[in-house]
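1. Next input, structure requested:
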Amino acid sequence: MSPTRIIQLGILPLLLVIWTSPVGAQPTPGAEGKPPGPFWSLSGSLVEQFDSDFDTQGSYSVSSLLLRASVAQPVSRKTILGLSLSYDLLDYEFSDDVVLESASPWDRVHGLNLSLPIIRRVNEKWTMLVGPSIGSYGASGATFGDSVTWGVIFAATYAFQPDRKLGFGAGVFDRIGQTRGFPFISIDWRLTERLRLTNPLTVGPTGPAGLELAYEIGPKWELGAGGAYRNIRFRLDERDLEPNGIGEQRGIVTFARLMHTFNPKLSLVVYTGLVLDGELRIEDEDAQRRRTVGHGSAPLLAISLSGRF
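-> Numbering: from 1, shown residues only. Predicted coordinates for the structure are as follows:
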């Protein structure tokens, strides 16, 4: 999710759930010879990025609500079909003295994404995935047709052992006036009995892009720490600072988390962290840069509740 927010909303959440689940390991027919499933995953997250001062003047903060729903259905011993739907609500607050040619460049941003991955187990070691996605990302009042994003990823993972998996992939995404290709890595590698190197949890403030060290401190408790580059790109409306232009938020997110697993189906995660080397970028309607302004480190706090059934 190039670990962009568009990717985070699309294929990767469902991909990581399946690769690390019993379904991804070995889909087994049920009592009547039918594959098991469907398998559902639901989550909700509240993320607060606190005030951060711009390099020029003024400050801003962001409050976010992130909702995710995914379903995976094995259709044979080797093939899984998936569907993933997500919604993001980002509420920006700018101080009155912001120097961006406007006291309030934009306020709320809405993101919606639908992805349809197909996962195919080649043999006991290799698993392949292809997944298209389509969605929209725009400020309140932005034209839906001008906010559409789409893309596709291709990925392969190799299981050296059941608890040591490494995946490689590439994707192409059209992200509101910008089309880019990128490589990515997916990893779930047990280093010791309690320590793993993996991608961050889907429900967290970074999404599954990036890397994390996770340590099991007890049967129902786990600590984690990691980081990722985050990029949010969205269409502005005709009343914003740059009418029908493009807004973009960038930064490196570092975090620590504590997860409590109530039971195998329900878990709660609390995050704290910092957004480093952050900046806001504004482009015109034709994706030509008009202004970029950096900001200082921004404290981050998040809480996520997720369930699988």
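2. quick one: the strands in the stretch 151-300 of the chain?
-> 164-175, 179-190, 195-198, 211-218, 221-235, 246-263, 266-283, 289-295, 298-308 (DSSP state E, counting those that start in this stretch).
3. And those strands: which comes nearest Glu48?
-> strand 298-308 (4.9 Å; C-beta to C-beta). C-betas here are computed from N, CA, C, even on glycine.
4. Partner strands of the closest one and their direction?
-> Sheet pairing of strand 298-308 (DSSP bridges) gives strand 39-53 (antiparallel), strand 266-283 (antiparallel).
5. in the last one, what counts as buried?
-> By neighbour count on 16 or more other C-beta atoms under 10 Å, the buried set for strand 266-283 is 267, 269, 271, 273-275, 278, 280-283.
6. and if you look at the shortest one?
-> Applying a neighbour-count criterion of 16+ other C-beta under 10 Å, the buried positions in strand 39-53 are 39, 41, 43-45, 47-49, 52.
7. I'd say Lys220 and Thr261 touch.
-> Yes. Between Lys220 and Thr261 there is a contact under C-beta atoms under 8 Å: 4.8 Å.
8. more neighbours, those two?
-> Higher neighbour count among Lys220 and Thr261: Thr261, with 16 against 12, using other C-beta atoms under 10 Å.
9. Tell me what the more buried one is bridged to.
-> Counting by DSSP bridges, the residues bridging with Thr261 are Ser267.
10. Equivalent analysis for Ser115, please.
-> Per DSSP bridges, the residues bridged to Ser115 are Ser84, Ser133.
11. so how many other residues sit close to it?
-> Number of residues near Ser115 (other C-beta under 10 Å) recorded here: 26.
12. just Phe144 next, same as before
-> Neighbours of Phe144 under the rule other C-beta under 10 Å: 11.
13. any weak-confidence spans in this protein?
-> Scanning the chain for pLDDT under 70 picks out the ranges 1-35, 99-104, 203, 207-208, 240-242.
14. rerun that using 50 as the cut-off
-> Residues of the chain that meet the criterion pLDDT under 50 lie in 1-31, 103.
15. Quick check, Val71 in contact with Leu81.
-> No. Counting by C-beta under 8 Å, Val71 stays clear of Leu81, with 9.0 Å between them.
16. of all the strands of the stretch 151-300 of the chain, which lies closest to Val98?
-> For those, proximity to Val98 was assessed by C-beta to C-beta; strand 289-295 is nearest, at 8.8 Å.
17. next one: stretch 87-95 to chain centre, how far?
-> Centroid separation for stretch 87-95 versus its chain: 17 Å, with C-alpha atoms, centre = their mean, to the nearest Å.
18. scratch that, stretch 93-112 is what I was asking about
-> Per C-alpha atoms, centre = their mean, the centroid offset for stretch 93-112 relative to its chain is 23 Å.
19. Endpoint to endpoint, that stretch covers what distance?
-> End-to-end distance of stretch 93-112 (C-alpha to C-alpha, to the nearest Å): 21 Å.
20. and what of stretch 285-302?
-> 33 Å.
21. Skipping adjacent residues, who's closest to Asp91 in space?
-> Spatial nearest neighbour of Asp91, chain neighbours left out: Ser63 (4.5 Å); criterion: C-beta to C-beta, 6 or more residues apart in numbering.
22. In three-state terms, label the one you found for me.
-> What DSSP: H, G, I helix; E, B strand; the rest coil gives for Ser63 is strand.
23. number of nearby residues for Ala156?
-> By other C-beta under 10 Å, 15 other residues sit near Ala156.
24. Assess the claim that it and Gly169 are in contact.
-> Yes. Applying C-beta under 8 Å as the test, Ala156 and Gly169 come out as touching, 6.9 Å apart.
25. So for those two, which residues contact both of them?
-> Leu129 (C-beta atoms under 8 Å, 6 or more residues apart in numbering).
26. How many neighbouring residues does Gln161 have?
-> By other C-beta under 10 Å, 9 other residues sit near Gln161.
27. Roughly how far does it sit from Arg190?
-> As judged by C-beta to C-beta, to the nearest Å, Gln161 and Arg190 stand 8 Å apart.
28. likewise Ser41?
-> Between Ser41 and Arg190 the distance, using C-beta to C-beta, works out to 22 Å.
29. could you pull out the strands for the stretch 1-150 of the chain?
-> In the stretch 1-150 of the chain, the segments counted as strands under DSSP E, counting those that start in this stretch are 39-53, 59-74, 79-94, 108-115, 118-121, 126-139, 148-161.
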